[in-house]
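A.B. asks: Curious how this folds, go ahead:
(one chain, ligands or ions: 1)
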Amino acid sequence: MLIWKTFLTYKEYKLNNKLSVLFIGDIVGEPGMNCVKELIPGLIQKYKAEFVVINGENADKGKGLTEKEVGELFEIGAHIITTGNHIWDNWKSKPILASNPKVIRPLNYPPGNVGLGYTFHTLEDETQICVLQLQGRTYMQTIDCPFRAADFALKAIQEKTKNIIVDFHADATAEKIAMGWHLDGRVSAIIGTHTHVQTADACILPNGTAYITDVGMTGPYNSVVGLKKEIALKRLIHQIPYKYEMGEGDARIAGVNVIIDITTGQALKIESFVQPEFVKSVFEQFES
Ligand code: FE2
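C.D. replies: Residues are numbered from 1 along each chain as shown. Model prediction:
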């Protein structure tokens, strides 16, 4: 009876032309990889996700990713992997960008760099979906304008599909919010990455675009955004460089589920999550 009911629900779901997308935030090192491997099967099942995007910019010890992480992320269900500014810090990452169209980097780096800034995926029912990645400039490298790059890319992308997921890899909250207004109604979702702390502003913008300023980190929260606490404090207090060391412990997965109406490309729902949830009360252990 339960199987029959589940089957009907799924069929209705498909008939209604809705697509469930799972976007997992920045994987940091081995703690992030182990966490995503353990928890993503349950999330795919919970959200009936048919399309999975993972930001893997920090997957290899905090900087870039290698064939090992790429292989593992595709094996556990990723369809597209996005990256960011740290992808260029790992010499093993460039050949991946040059050869694998399912691993992308921000579009608005100057011409001459390897890799794609957007890519398409065709689902089983022939639905086309595009993932576009852009990078902000405030407090980051002064690369090409992400707003103009988005306008330019959308002219080509919209000839193929209305279903467009944007990973906006940026540091400044204001720049991310501005991009939300710039692209509202022209893309299905704008998911902020890079700052590693999930924001509480997941919403559907007035013209139908799902938006969150930052999706958060999948990695060790016993750290300073992935960096070992002691190293981060030394850097801040002494004001000199200290060698990067990964944080350890308290690994969590952060992401969003977005439901898209594939007939319009508009978002119908966005739901953010962090698992395991943060402890918010010392009294929880006494509640039952
Ligand atoms: Fe980044």
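
A.B. asks: Give me the number of neighbouring residues for residue 255.
C.D. replies: Residue 255: 30 surrounding residues under other C-beta atoms under 10 Å. All C-beta atoms are positioned from the backbone trio N, CA, C, and that covers glycine.

A.B. asks: So it, which state does it fall into?
C.D. replies: Assigned by DSSP: H, G, I helix; E, B strand; the rest coil, the conformation of residue 255 is strand.

A.B. asks: Who are the contact partners of it?
C.D. replies: By C-beta atoms under 8 Å, 6 or more residues apart in numbering, residue 255 lies in contact with 22, 23, 24, 25, 43, 215, 216, 218, 272, 273.

A.B. asks: try it again with 7 Å
C.D. replies: By C-beta atoms under 7 Å, 6 or more residues apart in numbering, the contact set of residue 255 is 22, 23, 24, 25, 215, 273.

A.B. asks: Going by neighbour count, which of those comes out on top?
C.D. replies: Counting by other C-beta under 10 Å, top hit in the contacts of residue 255: residue 25 with 32 neighbours.

A.B. asks: residues contacting it?
C.D. replies: By C-beta under 7 Å, 6+ apart, the contact set of residue 25 is 55, 193, 215, 216, 217, 218, 254, 255.

A.B. asks: just curious, which of the contacts of residue 255 is nearest to the ion?
C.D. replies: The shortest approach to the ion among the contacts of residue 255 belongs to residue 25, at 11.0 Å (C-beta to the ion).

A.B. asks: can you list the residues of the stretch 51-200 of the chain near the ion?
C.D. replies: Within the stretch 51-200 of the chain, the residues that sit near the ion (C-beta under 5 Å from the ion) are 84, 85, 194.

A.B. asks: Strands - which of those residues land there?
C.D. replies: Using DSSP state E, no member of these sits in strands.
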